[in-house]
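# A predicted structure for the sequence below; I have some questions about it.
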Amino acid sequence: MARDQIDMTPLQSRDELVAWIEAGVKPESEFRIGTEHEKTPFTLEGRQPVPYEGAKGIGALLEGMKLLLGWEPIMERGNIIGLYDVTGGGAISLEPGGQFELSGAPVETVHQTQSELMAHLAQVREIATPLGIGFLGLGMTPSWSRAQIPVMPKGRYKIMRNYMPKVGKYGLDMMFRTCTVQTNLDFSSEADMVKKLRVSLALQPIATALFANSPFTEGKPNGFLSFRSEIWRDTDNARSGMIPFAFEDGMGFERYVDYALDVPMYFVKRGEEYIDVSGSSFRDFFAGKNKILPGERPTLSDWANHLSTIFPEVRLKRYLEMRGADGVPWGRLPALPAFWVGLLYDNDSLDAAWDIVRHWTAAERQALRDDVPRFGFKARIKDRYLFEIAKECLVLSHAGLRRRGRIDHLGRDESRFLEPLERIIETGRSPAEEMLEKFNGPWNGSVEPAYQEYAF
């Protein structure tokens, strides 16, 4: 959720930082599913990036959505940069290069996720089509250079843009050229959080392989199946990756807080202004030792903002955020929440998934994560191909969704949303491999057909 928090209570103790995350604990009856997805806008004519300004720009798209939905605008220095539903529903926000994100409302079933997506698609089309804007469902823009992509008028992105090249090779590509789909899920206790975090971290490469969908850069194959996933390997390793400490004894809310305290900050927000404090730690800020804001102490709002600038493969906030998947076309989006809900919200499946990963070492998990962007299902861990493990996890997820027994009006349970993934497993090819076959065959070495076949 990109609306920066507004709780300005100064913090007194580390316990408050822990309590803020711990407040996410919920009884199972209150578990919800949140799905966020990004899509790349392009001009229907010429298939170019869409600027923010102008009668047919992203700003105009947001203004149109505001009128259609009646949602509240999120403004920054006179520019509309997002919308949110005051009734506690979803929000729409912009990524740095104009990628258009829906942060879905917390819903009870994957059926509701699907309905929300269908409604959003219809609404976006109604406004975007007359503006000559289409949307692409890939993990990365297949044909544009970074220089071609316009910059959205958001203060936090300016700070990130200056800082990123100092800490990794691909930070600007991550910001301007990638799209993801994420699922946010709840936990019922600290121990439940730890178990779900460990299972989902270890298995995140499976989601990466199933959703791998970014094999092209600037019109050519880039040598990867998920270049988006590769980009995260060298974006900013102080704030991303497989957080091996999560598997160590003593893991819990406090351990994550101690990690987050040492992650370098990007900004502090005061009123409308983003103050660049990039590279300094939250720990120093907490001790009143920030060089830019000497003597000032952080607020809960600063803490919530800081947690949203940490990017491990699974992120802990007041829920767990699954971050390993490429953005995909419309019909496959509900498959991501379905996959993780079936594994993590059913205790039998969660136990069985833990049995699969419990003996993997930190080095093995890391090697799998490093190999999956290039090799997909052919990556290995111990003596097994990822493909076999993905197949096993899909069976577990399917069983978990059936046991959950959440039925739609036609009597179908949520396992039907796994069908696109089951087809992928049947063919043995990730979406990226299928796309590369098209590139080398019917597409005649051009990525242009993607703008039709993979558009929303």
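Arrived safely, thanks for sending.

# The residue lying closest to residue 255 once chain neighbours are set aside and residue 29, how far apart?
Spatial nearest neighbour of residue 255, chain neighbours left out: residue 245 (6.3 Å); criterion: CB to CB, 6 or more residues apart in numbering. The C-beta positions use only the backbone N, C-alpha and C, and glycine is treated the same way. The gap separating residue 245 from residue 29 is 31 Å, by CB to CB, to the nearest Å.

# Which of these two has more residues huddled nearby?
Legend: neighbour count by other CB atoms under 10 Å for residue 245 and residue 29, higher for residue 245 (13 against 7).

# which ones are touching the residue nearest to the spatial centre of the chain?
Taking CA atoms, centre = their mean, the centroid of the chain lies closest to residue 182, which sits 3.9 Å from it. Applying CB atoms under 8 Å, 6 or more residues apart in numbering to residue 182 gives the contacts 35, 36, 37, 321, 322, 323, 325, 336.

# Mind listing residues that contact stretch 421-436?
With CB under 8 Å, 6+ apart, stretch 421-436 has contacts from 209-216, 221, 224-226, 328, 332, 335, 339, 376-377, 387, 390-391, 394, 398, 437, 450, 454.

# so residue 82 is in which element?
Assessed by DSSP states H and E, residue 82 sits inside strand 79-84.

# Contacts for that strand, please.
Contacts of strand 79-84 (CB under 8 Å, 6+ apart): 2-3, 52, 59, 62-63, 65-66, 69, 71-75, 90-94, 152-154.

# now swap in stretch 439-456 and tell me
Contacts of stretch 439-456 (CB under 8 Å, 6+ apart): 39, 42, 47, 121, 124-125, 134-138, 142-143, 215-216, 219, 221, 329-330, 435, 438.

# Can I get that stretch in CSV, CA atoms only?
These are the backbone C-alpha positions of stretch 439-456, laid out as CSV (Å, rounded to 0.1, in the frame of the first residue of the first chain):
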residue,chain,number,x,y,z
PHE,A,439,9.8,-15.5,-30.2
ASN,A,440,11.9,-18.1,-32.1
GLY,A,441,8.9,-19.3,-34.1
PRO,A,442,5.7,-17.6,-35.0
TRP,A,443,6.8,-14.2,-33.7
ASN,A,444,9.8,-14.2,-36.1
GLY,A,445,12.3,-12.7,-33.6
SER,A,446,10.1,-9.8,-32.6
VAL,A,447,8.7,-9.0,-29.1
GLU,A,448,5.9,-6.8,-30.6
PRO,A,449,3.3,-9.6,-30.6
ALA,A,450,3.6,-9.7,-26.8
TYR,A,451,1.7,-6.4,-26.7
GLN,A,452,-1.3,-8.2,-28.0
GLU,A,453,-1.0,-11.7,-26.6
TYR,A,454,0.0,-10.7,-23.1
ALA,A,455,-2.1,-7.5,-22.8
PHE,A,456,-4.8,-7.2,-20.2
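
# What residues of it count as buried?
Under the neighbour-count criterion of 16 or more other CB atoms under 10 Å, stretch 439-456 has 439, 443, 447, 450, 451, 454, 455, 456 buried.

# Is residue 27 in contact with residue 188, as I believe?
Yes: at 6.2 Å, residue 27 counts as touching residue 188 under the criterion of CB atoms under 8 Å.

# more crowded one of those two?
Shown here are residue 27 and residue 188; by other CB under 10 Å, residue 188 has more neighbours (15 against 9).
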